[in-house]
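K.L.:
one predicted model, sequence on top.
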Amino acid sequence: MFTTILSDAYNNPINKDTNGGLVTFWTWDTSITATTTGNPVLVSELSNLQMDVLGRIQIQFVMNTIGTFSFQIGKASIFIPGSPFNFTVLPGLVSMATTRASFLDYTTSVPVLLAGTMVSVTIAQVDSYNNVVQQTFLFNTQIVSALGGLALNIIINTTPATSQGLQNLTFAPTVAGTFALLIGNGVTNISNSPLTFTVTPGAIDAL
């Protein structure tokens, strides 16, 4: 939210009581551009609200893209002092609804692997607008039987998220069967969880 206070050339305040209440609403000409490219940015909402008794007008806009931007404000190509105003948008919180995970070395929908094989799963951390989140999120992970839903005692190792927001999980299942990897925040799973996989018996052990 951006707030402006109206005044004349002599810094006399202008509000809804000025001039017999003739000035009750004022619309600024505004634009937002990306500082790196200079390209205009479309925002989901950009609105001028009605002037209050102090002559203040609050301009609301919602940014859904991360980066550094310039906010230009004026009227009829004459800009207010200080314009443009620079600001930075950071990613939001990791969103379970948009975050996804995938098996690193398997392309089939239900990978099949030998018992004892080390499995790698990559989680792509993003916010609700699909912006990459670099800070490592502590996901709740669990492996359960796809048939009975019983949890398996399998150690799942995690690595910190990279600058691309990628976090890796590794584990080595030793029990044959079909299983589901659950990934979430303890209340809600990420968008494509559970990830199902099948473990087949390994080589014959003479011992």
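P.N.:
Arrived safely. Numbers count the residues shown, from 1 in each chain.
K.L.:
OK, contacts around residue 124?
P.N.:
Residues counted as contacts of residue 124 (C-beta atoms under 8 Å, 6 or more residues apart in numbering) are 99, 100, 101, 102, 132, 165, 166. C-beta here means a position set from N, CA and C on the backbone, and glycine is covered the same way.
K.L.:
gap between it and residue 156?
P.N.:
Going from residue 124 to residue 156 by C-beta to C-beta, to the nearest Å gives 17 Å.
K.L.:
same check, this time on residue 173
P.N.:
10 Å.
K.L.:
where do the contact lists of these two overlap?
P.N.:
Residues within reach of residue 173 and of residue 156 at once, by C-beta under 8 Å, 6+ apart, are residue 143.
K.L.:
the two: which is more packed in?
P.N.:
Neighbours were counted for residue 173 and for residue 156 using other C-beta atoms under 10 Å; residue 173 has more, 21 against 16.
K.L.:
in a strand, the more buried one, correct?
P.N.:
No - read with DSSP: H, G, I helix; E, B strand; the rest coil, residue 173 is coil and lies in no strand.
K.L.:
so what's the closest residue to it other than its chain neighbours up against?
P.N.:
With sequence-adjacent residues excluded and distances taken as C-beta to C-beta, 6 or more residues apart in numbering, residue 173 is closest to residue 199, at 4.9 Å. Residue 199 sits next to 112, 113, 114, 115, 117, 173, 174, 175, 176, 177, 178, 179 when contact means C-beta under 8 Å, 6+ apart.
K.L.:
of those residues, select the buried ones using a ChimeraX command.
P.N.:
In ChimeraX, this line selects whichever of the contacts of residue 199 come out buried by 16 or more other C-beta atoms under 10 Å:
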select :113,117,173,179
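K.L.:
may I have stretch 162-169 as PDB, with CA atoms only?
P.N.:
What follows is stretch 162-169, C-alpha atoms only, in PDB (Å, rounded to 0.1, in the frame of the first residue of the first chain):
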ATOM      1  CA  THR A 162      19.800 -24.600  -3.400                       C
ATOM      2  CA  SER A 163      19.600 -21.100  -4.900                       C
ATOM      3  CA  GLN A 164      17.000 -22.600  -7.300                       C
ATOM      4  CA  GLY A 165      14.900 -23.700  -4.400                       C
ATOM      5  CA  LEU A 166      15.600 -27.300  -4.900                       C
ATOM      6  CA  GLN A 167      15.800 -29.600  -1.900                       C
ATOM      7  CA  ASN A 168      16.900 -33.200  -2.100                       C
ATOM      8  CA  LEU A 169      15.700 -36.200  -0.100                       C
END
